[in-house]
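Below: sequence and its predicted model.
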Amino acid sequence: MSAARSLLNIIYNRRTIRKFKPVDVPEEIVNMIVEAGQRAPSYNQAYSFILVSDREKRKALEEICDAKYVSNASVIIVVCSDLNRVKKMFDYLSNNHVLMYDEYPVETIYSIFETGLATQNMIIAAEVLGFGTALLDCALFEAERVAALLELPKGVVPIGLLCIGEKDELPPKRPRWPLHMVLHKNKYREPNPYEVANYVEESSEMYDQEGYLMKYGGIPMKYKDYLAAKIERTKELERKYEKLSKFLKKAGFRI
């Protein structure tokens, strides 16, 4: 029971870390973390992890993500959903399988889902071993550039960028939706406008008190205004999404 409580304590107190100490992480530790990812529940193990150690490529990823702390991490792993290897396995098993056609999105959804499960295992394993992590979404938003940089074949799509290293900060616990809004009993309960507004206002206030945007991005904005600007449907955002959709379609990901 004490071991279970210790693990739950690690999960409950996990933070995203963006400041790392300049300490190397041994290869055997990296392997342990990735192997922990492989033990997650899986359908086809439709994922691959690209360990980026080349200095120029690390710098390129930092520029793509527009985050200076990326190249300061001891370990950079680009997390990918991988239908390429799965297709090769299916080719071996059958000459008429689902990945030979475009009408089957199930394998794509499974791949993304199990990639997330494996990544979460890796994050928890890193925490257990005393390291901090940050999972960035820039790898997906800039999937075409990341794929070109890492020479990813068709069927392999970057989903996230995982930074791992020794912690050089202890951020406060960040807000989450209240449990009663995510845990439904027997049927889905629609959130009311007050609950949504209350969460947005309270969480934004917590980020503002921390000085979150200035600390990590040098952005002099209220967090709520930043979120509103980030999700606003602009012509630039539409072009970015259209470009990403074309890349995903070309890569064989149908959703």
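Nice, I can see it. Numbering: from 1, shown residues only.

alpha carbons only for contacts and neighbour counts from here, please
Fine.

Val157 falls within a strand, correct?
Yes: assessed by DSSP: H, G, I helix; E, B strand; the rest coil, Val157 belongs to a strand.

any idea how far the residue sitting furthest away from the middle of the chain lies from Pro105?
When distances to the mean C-alpha position of the chain are computed (CA atoms, centre = their mean), the maximum falls on Asn95, with 34.0 Å. For Asn95, the distance to Pro105 (CA to CA, to the nearest Å) stands at 19 Å.

Equivalent analysis for Ile124, please.
For Ile124 relative to Pro105 (CA to CA), the value is 29 Å.

neighbour-wise, which of the two wins?
Ile124 (21 against 16; other CA atoms under 10 Å).

what's the nearest residue to that one if we skip its chain neighbours?
Closest residue in space to Ile124, ignoring its immediate chain neighbours: Ile11 at 6.9 Å, by CA to CA, 6 or more residues apart in numbering.

Where do the strands of the stretch 1-150 of the chain begin and end?
Along the stretch 1-150 of the chain, counting by DSSP state E, counting those that start in this stretch, strands occupy 47-51, 75-82, 132-136.

quick revisit: next, count neighbours for the residue nearest to Ile124.
14.

Can you read off the pLDDT for it?
Turning to Ile11, the model gives it a pLDDT of 93.

got any ranges where the stretch 151-255 of the chain has weak pLDDT?
Nowhere does the stretch 151-255 of the chain drop to pLDDT under 70.

how about the strands of it, start to end?
Going by DSSP E, counting those that start in this stretch, the stretch 151-255 of the chain shows strands at 156-165.

gap between Pro193 and Arg58?
43 Å.

what's the neighbour count on Leu93?
10.

Which of Pro193 and Arg58 has more residues huddled nearby?
Arg58 (19 against 8).

Tell me how the chain divides into domains.
Here the domain assignment for the chain is 2-171, 179-217, based on automatic domain parsing.

Need those in a markdown table (columns: distance to Ile255).
Formatted as a markdown table, those follow (distance: least, CA to CA, whole Å):
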| stretch | distance to Ile255 |
| --- | --- |
| domain 2-171 | 5 |
| domain 179-217 | 24 |
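
Return the most buried member of those domains.
domain 2-171 (a mean of 18; mean count of other CA atoms under 10 Å).

where's that one relative to the chain centroid, distance-wise?
7 Å (CA atoms, centre = their mean, to the nearest Å).

returning to that earlier point: quick one: closest of the domains of the chain to Glu242.
domain 2-171 (10.9 Å; CA to CA).

so what's the most centrally placed residue in the chain up against?
In the chain, the centroid-proximal residue (CA atoms, centre = their mean) is Gly160; its distance is 4.0 Å. By CA atoms under 8 Å, 6 or more residues apart in numbering, the residues touching Gly160 are 78-80, 135-140.
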